[in-house]
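Undergrad: Show me the folded form of this:
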Amino acid sequence: MNLRLRDLPRYWGELSPIQQEFERAVSESDRVVLRCGRQVGKTEYLARRVLRNLLLGKRCWWLAPTHQLCRVGFQRCCALLRKLPRKLADAFGVKRSPPYRIQLGDAYCDYLTTRTPDSLQGETLDEVVIDEAATIRELAQVIEQYVEPTLAVRRGMLILASTPKGKNDFAEYCRSPYWAEVHAPSRANPLIDPAWLNQQREKYEAEGRLYYYLQEYEAQILDKIGLFFERLPEIVEAVPAHSQADGCGLDWGYSAPFAAVYVVIRDGVVYVSREVYRRRLTGDQQAQLALATPAKVYVADPSTPEHILDAWRSAGLVPKPAVSDRVGGWDLVRQLIREDRLKVHKDCFHLLDEFQSAEVDERKPDDLTGEDHALDALRYVILYAFGVAHRQQRLHEYRVAQQQGLQPDAVLAQLMEQGRQEYIRQARKQRRSNR
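TA: Residues are numbered from 1 along each chain as shown. Next up is the predicted model:
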């Protein structure tokens, strides 16, 4: 069945205004960067372009950093195929397992990951699409050493498309005079309600994460994203009376500082009561300093070297391993600040300094960069404390419900068994770390 390219909109619909800008850019240059916000329609546009190339007898690649992202593009192409007349759609061959392929006669599109760039050699292509290019490590090397040679014979087209991720190779291509760039923020999609975007902006700004909105929805390249904590915890002159701290977070170090941060928790409010922040201490000296201020539980950096842990244990300090979730930990710290539930004693100079100076990591905007020893210690103990509190609250709720006849004994028994199994797992993990 013959199909004129100009008839494709009958089956797929017309391009949106921003997709028409994409089309103008690729008609004027063979090196194009699409700098896009979320849900702007780049995948739809690229999928249409790939299938149109196959109808023209061209050979293409769709590259992405992972097989999962390759699958997103592949599935969009398959959805467009199903909209074509049945006789034409049946002429396409489709390989539905990785590496995916769609083929029409001698023309094809392979959906490949850049994870092993050495495999991207030996082909002669008409066009390459690199989706989510900003998340590809060593993007410039992948393009220069592996992709460009495949396009040399036919002087093929290369399209990079991505939401920006700070200052990296993708950002450099966006700024290159040798590449045509189209900036497509999310508001360029007429299907997205501007009021919803305004709500998202207000939400992220209130959370101290305006940079995230600017990057993900406005598609801005943020060379210096800014301060990680746009709002700081309240500084207090006194904390609630206590005989011992509810918890102490430990971040080991020698050349870098050893940090211990003590917290007291009252009615869901976290008070940082004291800090230890010292360099060039032996493991034994670190343990003695940490134990000098009693705490109900000590929670340590999970990457603490075994010889340091041995020294701590010999001195009587046996910490629990912290949860290594930086993003989740920082989100919890921000939430406590936003809800006025994190207060820091005025004498915790180093922790307050780190709060003040922490900046957003340009390559990982949900994480921070800068001195973070006391901040890490705080994150360890807060994540542990609130994790335990959550489990205790669930147990309490089940007990109350069981007393009221709302839950059978079997449910409570199951919960208690889950707690016992978790204790066993933690104990086994601790024994392994002691070996």
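Undergrad: My guess is A245 contacts E275. True?
TA: No. Judged on Cβ atoms under 8 Å, A245 makes no contact with E275 at a distance of 11.2 Å. Quick note: C-beta positions are derived from backbone N, CA and C, even for glycine.
Undergrad: what residues are shared contacts of these two?
TA: Common neighbours of A245 and E275, counting by Cβ atoms under 8 Å, 6 or more residues apart in numbering, are Y262.
Undergrad: Helices along the stretch 51-200 of the chain, start to end?
TA: Taking DSSP state H, counting those that start in this stretch, the helices of the stretch 51-200 of the chain run over residues 67-81, 86-89, 139-141, 148-151, 169-175, 194-206.
Undergrad: For A256, which of these is the nearest?
TA: A256 lies closest, by Cβ to Cβ, to one member of those: helix 169-175, at 29.8 Å.
Undergrad: Report the buried residues of the closest one.
TA: Neighbour-count burial for helix 169-175 flags 169-171, 173-174 (criterion: 16 or more other Cβ atoms under 10 Å).
Undergrad: And for stretch 100-109?
TA: For stretch 100-109, the buried set under the neighbour-count rule, 16+ other Cβ under 10 Å, comprises 100-104, 107-109.
Undergrad: and what of stretch 135-150?
TA: Neighbour counts using 16+ other Cβ under 10 Å place 135-136, 139, 142-143, 146-147, 150 of stretch 135-150 among the buried residues.
Undergrad: now swap in stretch 121-136 and tell me
TA: Across stretch 121-136, burial judged by 16+ other Cβ under 10 Å covers 123, 125-136.
Undergrad: Name the nearest of those relative to A374.
TA: The nearest member of those to A374, counting by Cβ to Cβ, is T135 at 31.0 Å.
Undergrad: Can you name the residues that contact that closest one?
TA: Shown in contact with T135 (Cβ under 8 Å, 6+ apart): 65, 162, 165.
Undergrad: how about a markdown table for those, with distance to A377 added?
TA: Shown next, in a markdown table, are these (distance: Cβ to Cβ, whole Å):
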| residue | distance to A377 |
| --- | --- |
| P65 | 33 |
| S162 | 36 |
| K165 | 29 |
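Undergrad: Go through those and give me the one with the most neighbours.
TA: Using other Cβ atoms under 10 Å as the neighbour criterion, S162 leads the contacts of T135 with 25 neighbours.
Undergrad: Could you list everything it pairs with in the sheet?
TA: Legend: beta-bridge partners of S162 under DSSP bridges are R35.
Undergrad: C-terminal to the strand or helix carrying H350, what's the next element?
TA: Using DSSP states H and E, H350 sits in helix 349-357. Sequence-wise, the next helix or strand downstream of helix 349-357 (DSSP H and E) is strand 359-360.
Undergrad: How far off centre is the helix or strand following that following strand?
TA: Sequence-wise, the next helix or strand downstream of strand 359-360 (DSSP H and E) is strand 368-369. Here the centre of strand 368-369 is set off from its chain's centre by 14 Å, with Cα atoms, centre = their mean, to the nearest Å.
Undergrad: And for stretch 296-307?
TA: That offset, for stretch 296-307, works out to 25 Å (Cα atoms, centre = their mean).
Undergrad: Show residues contacting it.
TA: 244-252, 283, 290, 309, 312, 317-324, 376-377, 380-381, 384, 433.
Undergrad: okay, now the domains of the protein?
TA: Domains of the chain are assigned by automatic domain parsing as 5-188, 234-434.
Undergrad: Is it possible to get CSV of the buried residues of stretch 135-150 that adds pLDDT and distance to C70?
TA: Shown next, in CSV, are those (pLDDT from 0 to 100; distance: Cβ to Cβ, whole Å):
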residue, pLDDT, distance to C70
T135, 86, 13
I136, 88, 12
L139, 94, 16
V142, 95, 14
I143, 96, 17
Y146, 95, 16
V147, 96, 15
T150, 96, 17
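Undergrad: Out of those residues, the closest to E359 would be?
TA: Distance to E359, by Cβ to Cβ, is smallest for T135 among these, at 20.8 Å.
Undergrad: And that closest one, how far from A195?
TA: Counting by Cβ to Cβ, to the nearest Å, the gap from T135 to A195 is 30 Å.
Undergrad: likewise F386?
TA: Distance of F386 to A195, given as Cβ to Cβ: 34 Å.
Undergrad: Same check on I136?
TA: 34 Å.
Undergrad: Any stretches of this structure with poor pLDDT?
TA: Filtered on pLDDT under 70, the chain yields the residue ranges 1-2, 223-226, 362-363, 388-435.
Undergrad: repeat that for 80
TA: Applying pLDDT under 80 to the chain flags residues 1-5, 137, 207-209, 223-227, 230, 362-365, 387-435.
Undergrad: with the buried residues of helix 169-175 in mind, which one is nearest to V344?
TA: The nearest member of those to V344, counting by Cβ to Cβ, is A171 at 35.8 Å.
Undergrad: quick one, what contacts the spatially closest residue to the closest one that is not a sequence neighbour?
TA: Leaving aside its sequence neighbours, A171 sits nearest to I221 (Cβ to Cβ, 6 or more residues apart in numbering; 4.7 Å). Residues near I221 by Cβ under 8 Å, 6+ apart: 35, 164, 166-167, 171, 174-175.
Undergrad: tell me the phi and psi of I221?
TA: Backbone torsions of I221, given as degrees, to the nearest 10, read phi -90, psi 110.
Undergrad: Distance check, it against D169.
TA: From I221 to D169 the distance is 12 Å (Cβ to Cβ).
Undergrad: And for A180?
TA: The gap separating A180 from D169 is 17 Å, by Cβ to Cβ.
Undergrad: Next: R10.
TA: Taking Cβ to Cβ as the criterion, R10 is separated from D169 by 39 Å.
Undergrad: same check, this time on S324
TA: To D169, S324 is 28 Å away according to Cβ to Cβ.
Undergrad: for P305, same thing?
TA: For P305, the distance to D169 equals 34 Å [Cβ to Cβ].
Undergrad: Test my guess that V327 contacts D366.
TA: Yes. Counting by Cβ under 8 Å, V327 does reach D366; the two are 4.6 Å apart.
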